[in-house]
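1. how would this look folded up:
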Amino acid sequence: MDAERYRGPVRLVLYTGKGGVGKTTTAAATARAAADRGVRTLVVSSDLAHSLGDVVGAELGPTPVSLDSGLDAMEIDARAEIARHYGTVREYLVELFRYQGIDDVVADELALFPGAEEVAALLAVEDAAAKADYELVVVDCAPTGSTLRLLTLPEMLTGALRIVPALARMLSTVVSPLVQAAVRAPIPRSPVFRQLEELVEERAVTLRARLSSCDTSVRIVATPERMVIDEARRAFMELSLFDLRCDAVILNRMLPEAAALEDFFQGSWERQCERRRELEELFAPVRVLDAPLQRDEVIGLSALSAHGAEVFADCEPHGLLSDAPRIRFTRARGGHRVHLPLPGASPDQLEVAVVEDELIVRAGSRRRAIPLPPRIYKLPLTSARLRDGTLVVSFEPPAESA
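-> Got it, this is the predicted structure:
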């Protein structure tokens, strides 16, 4: 398709998985396979430990580099993105820490609040995805834990921090003239609050919309090993908690059928088959694709092209490979129910409560606040049950008013 004529939505596919499972190779092979099929593609590394350049065989930086016809690549410079998106806020924090007697180098690091680099990386990805000359953006994310933090930060920013800019601006306006004459500590000026407000109230909202869009999905890369599968299952449950679409699991380094004929590999072959069946059951209806173990490292465009062709032999690398159920609201017996898919969750992991107009769901260490419409949050919460991988929360009117 002619990139200059393309004006449709940009497809965004994010790859994650436990460290060492081959997600960088899989992301690069996906991008190469899509480009081979005529899709204008950008592959991006948001992992701070960049290895995408090594896989594609090119020197990459923070601006797209053309690898071949229809295929570009880039590695995000998180520190540069931090300076671009909230450098004013960071400069103020550094100045404040220095005033408190903290060493310059330490102050510079402290000014990076938790999640700053992940937010900056996600902002860069969103900017790349918004460019009209790409049909597909494939993102090689950091290992699972960091990716989940990256993907859930927009919701945290639009939730817990939404009151900060307005409150801080009000306090600065009232207190600053009085304090300025009495203390030497640096007082934040309006540009600091403007940038913070833009980050929290504008960019975070845009990011959240992008991640929950039907054009965005996450794919989990795994290998047929017990610890890797367990982490993939937890990641799938947590993605579902935040209503992030997972459309495929790529099972990497799969032995060929011929391995079953060799005594040394027979046990590994049998375990591999058993764990693949387990994955299909755990992730149903999400599709599981096999990525075969190759004879040599998959490095360079030619090898990536061959590998991608095998992985996506019967499907489109840029397509939505499956559409698992997402959060929905239904009516029942004069009340309402919230259905939240939580595949792999255990009842003893879950805590459910209503705080003001939000349904608070805690699954293990993850917590999500789900906004409820007035017709629901005004009703009493009567039950919360886990049924076949879906949390069903019921809200019903009191018996006397039913």
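
2. Please, which helix or strand holds Ala309?
-> helix 301-311 (DSSP states H and E).

3. ah, wrong one, I meant Val221
-> With DSSP H and E as the test, Val221 turns up in strand 216-222.

4. which of the residues in stretch 300-308 are buried?
-> Going by neighbour count (16 or more other Cβ atoms under 10 Å), the buried part of stretch 300-308 is 301, 303-305, 307-308. In short, each C-beta sits where N, CA and C put it, glycine included.

5. From the contact counts, what lies against the helix or strand following the strand holding Val221?
-> Where DSSP H and E defines the elements, the next helix or strand beyond strand 216-222 is helix 226-241. Counting contacts by 3 or more Cβ pairs under 8 Å, 6 or more residues apart in numbering; DSSP states H and E, helix 226-241 is packed against strand 11-17, helix 144-159, strand 216-222, strand 246-254, helix 263-283, strand 335-341, strand 358-363, strand 366-371.

6. Surely Leu42 and Val138 touch.
-> Yes - at 7.3 Å, Leu42 and Val138 qualify as touching, with contact defined as Cβ atoms under 8 Å.

7. Touching both of the two, which residues are there?
-> Ala31 (Cβ atoms under 8 Å, 6 or more residues apart in numbering).

8. These two: which has the busier surroundings?
-> Val138 (30 against 24; other Cβ atoms under 10 Å).

9. in this protein, which ranges drop under the pLDDT threshold?
-> 1-8, 85-118, 132, 144-204, 400-402 (pLDDT under 70).

10. Please parse this protein into its domains.
-> 1-324, 328-401 (automatic domain parsing).

11. ranking those domains by burial, who's on top?
-> domain 1-324 (a mean of 18; mean count of other Cβ atoms under 10 Å).

12. then stretch 299-306 to PDB, C-alphas only?
-> Extracted in PDB, the C-alpha atoms of stretch 299-306 (Å, rounded to 0.1, in the frame of the first residue of the first chain):
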ATOM      1  CA  ILE A 299      20.000 -11.900  13.200                       C
ATOM      2  CA  GLY A 300      19.700  -9.800  10.100                       C
ATOM      3  CA  LEU A 301      16.800  -9.000   7.800                       C
ATOM      4  CA  SER A 302      17.000 -12.200   5.800                       C
ATOM      5  CA  ALA A 303      16.900 -14.400   8.900                       C
ATOM      6  CA  LEU A 304      14.100 -12.300  10.400                       C
ATOM      7  CA  SER A 305      12.100 -12.600   7.100                       C
ATOM      8  CA  ALA A 306      12.300 -16.400   7.100                       C
END
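
13. where's the closest residue to Pro325 other than its chain neighbours relative to Leu14, distance?
-> Closest residue to Pro325 apart from its sequence neighbours, by Cβ to Cβ, 6 or more residues apart in numbering: Pro341 at 5.0 Å. The gap separating Pro341 from Leu14 is 19 Å, by Cβ to Cβ, to the nearest Å.

14. Over to Arg387: give its phi and psi.
-> Main-chain torsions, Arg387, degrees, to the nearest 10: phi -130, psi 110.

15. who does it bridge with?
-> With DSSP bridges applied, Arg387 shows beta-bridge pairing to Thr390.

16. and stretch 121-138, how far apart are its ends?
-> Start and end residues of stretch 121-138 are separated by 14 Å (Cα to Cα, to the nearest Å).

17. List the neighbouring strands of the helix or strand containing Val137 plus their orientation.
-> Using DSSP H and E, Val137 sits in strand 136-140. Applying DSSP bridges, strand 136-140 is found paired with strand 11-17 (parallel), strand 41-45 (parallel).

18. returning to that earlier point: give me the angle between the helix holding Ala309 and strand 41-45.
-> 100 degrees (axes from the mean of the first three to the mean of the last three Cα atoms, to 10 degrees).

19. which one of the helices and strands packed on helix 226-241 lies closest to Val392?
-> strand 335-341 (5.7 Å; Cβ to Cβ).

20. counting contacts, what elements does the closest one pack onto?
-> helix 226-241, strand 328-332, helix 374-377, strand 390-395.

21. Next secondary structure element downstream of that strand?
-> strand 350-355.

22. so that next one versus strand 335-341, what angle?
-> Relative orientation of strand 350-355 and strand 335-341, computed by the same axes, to 10 degrees: 140 degrees.
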